[in-house]
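Based on what follows, work out the 3D shape:
(2 chains)
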Amino acid sequence: MSSRILLVEDDERIRASTRLALEDEGYDVSEAGSGEAGLEEFSSKATDIVLIDLMLPGMDGFECCRRLRRTSAVPVIMVTARTDTHDVVAGLEAGADDYVTKPFVAKELTARIRALLRRARSMGEPSTLSFGDVEVRPDEGTVLRDGKEIHCTRTEFRLLCELAANPGKVLTREQLLDRVWGYDYFGDGRLVDVHVRRLRTKIEEDPGNPRHIMTVRGMGYKLAV
Amino acid sequence: MRPSRWRPWRALGLRSRVTVTFGLGALALSATMAALTYFTARQFILHERETAILRQAYVNASLARSSLLRSSSPNITQLLDSLDTLPGSLSVLEQRGFWYATSFSVGENAIPGSLRGLVLHGTPATQHFVLAGSDQMVVGIPLPAVGAAYFEVFSLAELARTLQILALALAGAALVTTAAGAVIGRWASSRALRPLGEVSKAAETIARGSLKTRLGAADDPDLSALASSFNEMADALLERIEREARFTSDVSHELRSPLTTLATSIGVLEAHRDELPPRSRRALHLLSGEMRRFQRMVDDLLEISRVDTGSAELLLDEVEVGELARHAAQAAGAIRVPVEVDPAVAGLRVSLDKRRMERVVANLVANAGQYAGGVTRLAVEAAPGAVRLVVADRGPGVPVAERERIFERFYRGQASGHRGATEGTGLGLSLVAEHVRLHGGTVWVEGDDQENRFVVELPLGGGARDGSRSNGAAGLPDDRPSASVSREAG
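Numbers count the residues shown, from 1 in each chain, chains lettered A, B, ... in the order given. Prediction:
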């Protein structure tokens, strides 16, 4: 069965051309011209991945993404017109997993989609990984804190697995970008930073003063043992 | 005013001119005052002295007359000795052709002949003369009742000395006043010119690219006008630059939506190119080549407009330069090109913006490919307080006259003949310069006809320039630590 992609984009021509490109790659595509329509479409059809343009009339892309996140851990790629810190970081904080910049090339977009879908399916770690009061079960795709399940997006989960599988070892942003997102050396490290921040709010007692996921200045991150 | 006549004077500079003017003014004033003082004082002292001399001479003359009247054969020398005289004055008496004096040195001969004659004929007289090098005044009073004449010779040497000292003192005072005038002139002009100095410093800072530099408010109404008009000018300038940059940015943004549709659609066509007839395939090839170039140009324009509006931000990461250079060379397609890393900087971690440095390398490699037969090697070298990234190519060398200009936007010098099938945007090298400048570094080209060496020098220890500030941080000093924008995990 092919994966279904939801396109939330107000520009009809971009929607049409993107649809052509994605269908060529073998995906099923559904479309929405606004944030509201996108949420409706998402709730009515099983969707594997959502593409949201940040500049939407009415409900903007950030809000659409936030609402989506309240109910779902579906991978979200946002489409920005700019690579400025503000847009990218705000989009990631709203819950997006990755981003592409307009004008994007279809190849680049499908590469991002493949990376997100692939890792959502290939959780290979066998046993339970645990640290402090946190328990990660890669097989089931669940995280428990104090025995209670925590809701993570798939990217957050994958990031946590990478850190938990290498306790006490510093992982550079480049390594994490490569392993979690499938980026090369020049991937945007802000992806890692924002996801770490999001993870901390979920598994740390005091996210401002983390005890599990530690920052190693000028190097990267590590899981404290 | 003929400019030629004033040129040497103008060449002195305003401050020196004010100093000289003040000094000369003080000199003229003090010299006049000194001269006036001197002559008035001299007149006064001389007059006083003469009055005293005359009074005493008459007193003495009447004493001599009365004592000569009293006795027929008096001891005249004794008489003269008994007279009350001022210090330095001598009495001389003539009676019936005989001369008597209180001093051996001064006698009849000491008295000028003309005066002697006048007095001996019965007319009292005074005369100034010089005796043995010193000023003298003689008063002659005929005493007809006793057939005698009384002379008194006064030395004016002391008076001359007094006047000399006075003159010296006044000259000294004039000199001091002149010097003081010059000093005051210097101080006043420096003080008056200080705001100008601030203005020129601010103008320099603006010229160097810190467009938000402004003059502080001045209390002085004269200066506040200058400061506010300067600031207004700077505001107007900034607004203009921002408007132009915003226009570029807006245009580029507006182009993004149609470009996305174009790029995606061409991508679809390319995926199906095997289904196309050969002529259409050829057309598609042209279309997609130009599409890529167009896209790059819009990207470059946006990048430049971000620099121009000051919204360009550095995303700092600590990376190993050698590693970065290797990855960047690879990403730029220079796969078989050697990357030589000086062992001295091999493990060095430098704080920089990976994406921008990747663009720098990519643009330099692309430039070498377009204009110089391809890149031959990359090198990371140590430099004092800095690290250098060198991209070398096969030449032909960039003419010396063009070595700065090739970093200008859309500059196409002699190499423009090489254009044609290239995909250059004309912005590549200027973006290299902007990226490097944001890092506080410099870029230049050197070499000979066989090889160009494009050298990017990045300072160690965070020399990131004002571009690293986040939005709305206007007014903060340029050397503000870049850590505030460096991506600090957590």
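
Quick check: buried residues in the helix or strand hosting A:I14?
In the assignment (DSSP states H and E), A:I14 maps to helix A:12-24. Of the residues in helix A:12-24, A:14-22 count as buried by neighbour count, 16 or more other C-beta atoms under 10 Å in any protein chain shown. In this view, the C-beta of every residue, glycine as well, is placed from N, C-alpha and C.

number of nearby residues for the closest residue in space to B:V361 that isn't next to it in sequence?
Distances taken as C-beta to C-beta, 6 or more residues apart in numbering or on different chains put B:A328 closest to B:V361, at 3.6 Å, once the chain neighbours are dropped. Here the number of neighbours of B:A328 (other C-beta atoms under 10 Å in any protein chain shown) works out to 25.

Would you confirm that B:A328 contacts B:E358?
Yes. Between B:A328 and B:E358 there is a contact under C-beta atoms under 8 Å: 4.8 Å.

How far off centre is stretch B:329-338?
On the basis of C-alpha atoms, centre = their mean, to the nearest Å, stretch B:329-338 sits 50 Å off its chain's mean C-alpha point.

Only alpha carbons, please: show it as CSV.
In CSV, the C-alpha atoms belonging to stretch B:329-338 read as follows (Å, rounded to 0.1, in the frame of the first residue of the first chain):
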residue,chain,number,x,y,z
ALA,B,329,34.8,20.5,-1.4
GLN,B,330,32.8,17.3,-1.8
ALA,B,331,29.5,19.1,-1.7
ALA,B,332,30.8,21.5,-4.3
GLY,B,333,31.6,18.6,-6.6
ALA,B,334,35.4,19.0,-6.3
ILE,B,335,35.7,15.3,-5.4
ARG,B,336,39.1,14.5,-6.7
VAL,B,337,40.7,17.7,-5.7
PRO,B,338,43.3,17.4,-2.9
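
what about that stretch and chain A, any contact?
Yes. Using C-beta under 8 Å from any C-beta of the partner chain, stretch B:329-338 comes into contact with chain A via B:A331.

cool, and stretch B:239-259?
Yes. Using C-beta under 8 Å from any C-beta, stretch B:239-259 reaches chain A at B:253, B:256-259.

Which residue is the nearest non-sequential neighbour of B:T21?
B:G185 (6.5 Å).

before we move on, back to that, now for the buried residues of helix A:12-24: which two are most distant?
Spatially, the most separated pair among the buried residues of helix A:12-24 is A:I14 and A:L22, at 12.0 Å (C-beta to C-beta).

circling back: among the residues of stretch B:239-259 next to chain A, which one has the most neighbours?
B:R256 (23 neighbours).

which residues touch that residue?
Counting by C-beta atoms under 8 Å, 6 or more residues apart in numbering or on different chains, B:R256 touches A:81, A:102-103, B:298.

CSV please, covering these and showing distance to B:V380.
Below are the contacts of B:R256 laid out as CSV (distance: C-beta to C-beta, whole Å):
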residue, distance to B:V380
A:A81, 35
A:K102, 34
A:P103, 34
B:V298, 32
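
Produce a PyMOL select command limited to the buried residues of the residues you listed.
Typed into PyMOL, the line below selects the buried ones among these, using 16+ other C-beta under 10 Å:
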select buried, (chain A and resi 81+102+103) or (chain B and resi 298)
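
So which of the contacts of B:R256 sits lowest on pLDDT?
Lowest pLDDT of those: A:A81, 79.

Would you mark the buried spots in stretch B:333-344?
Result for stretch B:333-344 [16+ other C-beta under 10 Å]: buried residues B:334, B:337, B:339, B:341-342.

same question, stretch B:59-76
In stretch B:59-76, counting by 16+ other C-beta under 10 Å, buried: B:60-61, B:64-65, B:67-68, B:76.

Of the buried residues of helix A:12-24, which are in range of chain B?
The subset of the buried residues of helix A:12-24 within reach of chain B, by C-beta under 8 Å from any C-beta, is A:14, A:16-18, A:20-21.
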